[in-house]
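A.B. asks: mind folding the following:
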Amino acid sequence: MKKIKLVCLLSLFCCSCSEVSTSSIQQNNSIQKLEVNYTNVKDTYFLGEKLDLSSLDVVIKEFVDGAWLEKEHVENWTSSIQNGTILNEEGEIKITISYLEFVPVSFYILVLNRDKYLSNDDFSKASNEYNVSLFGKNTSSPYLDPLSLDNKVLVVPYYFTEQEEMATEENRKKIEDVFFSSENKPYSVKSYYETSSYHKTNFDGDVINWMKSSYQSDKLIQNGGYDAAKDIYEQYQKEYRKDNHGILGKDAKSLSYYDSNNDGAIDLLWIIYSRPMEHTSTNQWWAYTSHEGVGLSLNVNNPVPKTFCWASFSFMNDNYDPHTYVHETGHAYGLVDYYDYNSYWSCMGGVDMMDNNIGDHSGFSKFSLGWTSPLVVNKSSIIKLKKYSSSGEFILLPSQNYNNTPFDEYLTLEYISTDNLNSIDYYTGYNGVSGYKEGGIRISHIDARVKNDNRYIPLDDIQKATNYIADNSYFGRNSSGKASSTTTDFFEGHLNDSNVDRSYYLLGVISASFDETRYNMNSKVYCDDSSLFKKNSEFSLDDGYNIFMPSYSSLWNKARSHVLNNDDYKTVIDESLKCSYYVIVLDINEEEATLLIEVK
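C.D. replies: You can find the predicted model right below:
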């Protein structure tokens with residue numbers, strides 16, 4: 001269909017459109033109106049299907065004492081096209097409802113020719129040959145292997161003299177339950193990743209006996225987990241050489257057990273420290289993950305700490321709470337934070353495990369870890385989409401010259417549901433943020449292009465990648481599109497900073513409710529049900545949703561490139577690189593959604 005025809009046809013199904021039409025008359029000194037409610041009427045058909053008006057609700061209302069009151073339901077109304085008629089005309093069809101002397105009321109349906117559209121079987125899935133563990137390999141910072149079923153995790157409860165009363169067997173058992181239990185709700189760290197990865201990854205491990213720090217906690221303010229990891233490594237070797245392995249216990253395993261791939265590094269060291277969490281300027285008494293190691297050479301005989309996670313026991317919230325530990329383990333696998341450290345905005349609306357620690361990982365996260373592959377749709381089509389959390393299915397709408405990997409720019413479409421890993425988090429929330437209460441389609445913009453040095457030029461050879469060119473967390477984005485005085489907006493100026501590109505972002509939800517005053521990027525706005533695209537909702541960057549793009553337009557980030565000019569990067573814009581997709585949610589039920597995708 002031509003673009004101008006699309007605008008005519010599809011505007012009928014905008015989520016903000018009324019699904020009730022009325023006409024009024026004055027009769028016997030009273031004002032009455034005919035109200036036709038077609039909310040539940042099927043509004044999209046294919047040629048050869050029968051018109052179904054059985055759920056049409058026609059009511060006469062009367063204006064009494066300043067209010068419209070229902071007078072009667074009408075059964076013997078007439079329609080310009082009889083109920084049950086076989087639809088053999090393609091396009092926008094007007095349905096007119098008449099009753100007595102009321103002015104007829106009209107609404108529209110859309111009749112499509114299925115033969116003009118491709119379907120799921122006409123497209124291929126993207127490749128997941130490369131995953132984010134490449135970054136670790138190329139920087140000598142090994143990540144927890146996202147495709148291994150044999151990862152090993154060493155969990156060390158670590159106490160300071162000031163909190164010696166914390167070092168009890170009961171508390172050790174709580175840690176063990178949080179990490180490895182298969183019974184507790186909502187999930188343990190282990191069961192979360194088994195489920196989220198569709199059993200593509202797994203880990204086993206041990207929660208050893210409490211280990212006393214060689215430091216007072218105040219001495220770790222500068223180096224925190226790094227000094228602790230080195231201390232644990234030295235103490236573990238010393239104790240393991242003792243009879244019955246000293247404080248480790250007779251069943252303790254050698255450090256080699258925790259190096260499943262024999263690379264000389266412990267797969268993952270998890271340190272649960274006894275001091276209460278504090279979110280201060282030092283950030284040492286918060287939670288974080290490092291892949292940098294502790295200054296020790298790799299050792300196959302005595303594997304050293306390389307990737308470690310550091311978090312307080314108090315993140316359990318006095319009982320059983322795995323959220324923070326699941327989030328940090330996501331970092332161990334190579335995922336980055338999806339929230340803005342400057343609190344300018346919330347690109348994922350809080351509803352993601354790598355944002356506000358809520359629910360399942362996003363399609364992008366799982367794609368970048370090699371756990372699933374999206375269907376790449378780049379032609380006009382009608383696509384069936386199953387619920388993402390249980391099936392792993394989602395749609396990728398590519399930008400020009402898409403490289404068929406997770407590491408490029410594209411849009412994703414996921415059928416978000418409230419089951420599986422979302423079932424508890426979405427309803428109870430976490431840290432004051434709730435998830436979605438109803439299902440719907442989440443549309444996100446991803447710019448996961450990669451680099452391998454400090455320049456802004458995207459890397460074509462994915463195998464050499466060390467990082468993304470874009471970032472969600474360190475710099476954020478504010479209302480003018482500027483993230484700092486060293487960067488200007490998408491279209492103008494230059495960049496001479498050696499960090500990741502500050503005026504892009506890695507990923508962000510394109511909300512179905514795009515009130516510009518609400519999404520001005522000056523403050524965090526959390527996603528709710530209005531953020532998801534429901535039945536009859538439509539999407540196009542030409543219709544206001546471009547407020548969520550870094551360009552504030554329908555241009556891909558790829559439209560901007562940087563040319564070196566006197567040791568500075570000058571911005572060049574290619575106006576031809578536009579996002580040309582138009583999407584309508586034709587239908588959505590408990591099992592799947594049907595989407596019409598037009599390429600303009």
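
A.B. asks: can we go C-alpha only for contacts and neighbour counts from here?
C.D. replies: Fine.

A.B. asks: who touches stretch 394-409?
C.D. replies: Outside stretch 394-409, the residues within contact range by CA atoms under 8 Å, 6 or more residues apart in numbering are 126-131, 363-364, 367-368, 373-378, 385-386, 388, 410-415, 445-450, 462, 556-558, 577, 579, 581.

A.B. asks: in ChimeraX, select just the buried ones from these.
C.D. replies: Buried residues within these, by 16 or more other CA atoms under 10 Å, are selected in ChimeraX with:
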select :126,127,128,130,131,363,364,367,368,373,374,375,376,377,378,385,386,388,410,411,412,413,414,415,445,446,447,448,449,450,462,556,557,558,577,579,581
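
A.B. asks: quick one: which of the contacts of stretch 394-409 sit in strands?
C.D. replies: 375-376, 385-386, 410-415, 445-447, 450, 581 (DSSP state E).

A.B. asks: and of those residues, the nearest to residue 228?
C.D. replies: Comparing those against residue 228 with CA to CA picks out residue 450 as the nearest, at 32.6 Å.

A.B. asks: what's that closest one in contact with, if anything?
C.D. replies: 407, 408, 458, 459, 462, 465, 466, 467, 468, 469.

A.B. asks: how about 7 Å then?
C.D. replies: Taking CA atoms under 7 Å, 6 or more residues apart in numbering, we find residue 450 in contact with 407, 458, 459, 465, 467, 468, 469.

A.B. asks: over to residue 546?
C.D. replies: Shown in contact with residue 546 (CA under 7 Å, 6+ apart): 552, 553, 554.

A.B. asks: could I get the pLDDT score of the nearest residue to the second one once chain neighbours are set aside?
C.D. replies: Residue nearest to residue 553 in three dimensions, not counting chain neighbours: residue 546, with 4.9 Å by CA to CA, 6 or more residues apart in numbering. Residue 546 is assigned a pLDDT of 87 by the prediction.

A.B. asks: how about residue 49?
C.D. replies: For residue 49, the model assigns a pLDDT of 95.

A.B. asks: contact partners for it?
C.D. replies: With CA under 7 Å, 6+ apart, residue 49 has these contacts: 86, 87.

A.B. asks: which phi and psi values does it adopt?
C.D. replies: Residue 49 adopts backbone torsions of phi -80, psi 160, taken as degrees, to the nearest 10.

A.B. asks: that one and residue 83: what is the separation?
C.D. replies: 12 Å (CA to CA, to the nearest Å).

A.B. asks: find residues that contact each of these two.
C.D. replies: Between them, residue 49 and residue 83 share no contacting residue under CA under 7 Å, 6+ apart.

A.B. asks: for residue 563, give the beta-bridge partners.
C.D. replies: Beta-bridge partners for residue 563, by DSSP bridges, are residue 570.

A.B. asks: I'd guessed it sits against residue 570; true?
C.D. replies: Yes: between residue 563 and residue 570 there is a contact under CA atoms under 7 Å: 5.2 Å.

A.B. asks: still on that earlier bit, helix, strand, or coil at the residue nearest to residue 553?
C.D. replies: Under DSSP: H, G, I helix; E, B strand; the rest coil, residue 546 falls in the helix class.

A.B. asks: which helix runs longest in this protein?
C.D. replies: In the chain, assigned by DSSP state H, the helix with the most residues is helix 224-240.

A.B. asks: what's that helix in contact with?
C.D. replies: For helix 224-240, the external contacting residues (CA under 7 Å, 6+ apart) are 214, 220, 245, 246, 247, 248, 284, 294, 304, 305, 310.

A.B. asks: and the spatially most central residue of the chain, its phi and psi?
C.D. replies: Compute the mean C-alpha point of the chain, and by CA atoms, centre = their mean the closest residue is residue 362, 3.6 Å away. Per-residue torsions, residue 362: phi -70, psi 170 (degrees, to the nearest 10).

A.B. asks: which ones are touching it?
C.D. replies: By CA under 7 Å, 6+ apart, the residues touching residue 362 are residue 352.

A.B. asks: isn't residue 197 right up against residue 369?
C.D. replies: No: look at residue 197 against residue 369 with CA under 7 Å: they stay out of range, at 8.6 Å.

A.B. asks: have a look at these two and say which one is more surrounded.
C.D. replies: Legend: neighbour count by other CA atoms under 10 Å for residue 197 and residue 369, higher for residue 369 (26 against 23).

A.B. asks: that one against residue 132, yeah?
C.D. replies: Yes: assessed by CA under 7 Å, residue 369 is found in contact with residue 132 at 5.8 Å.
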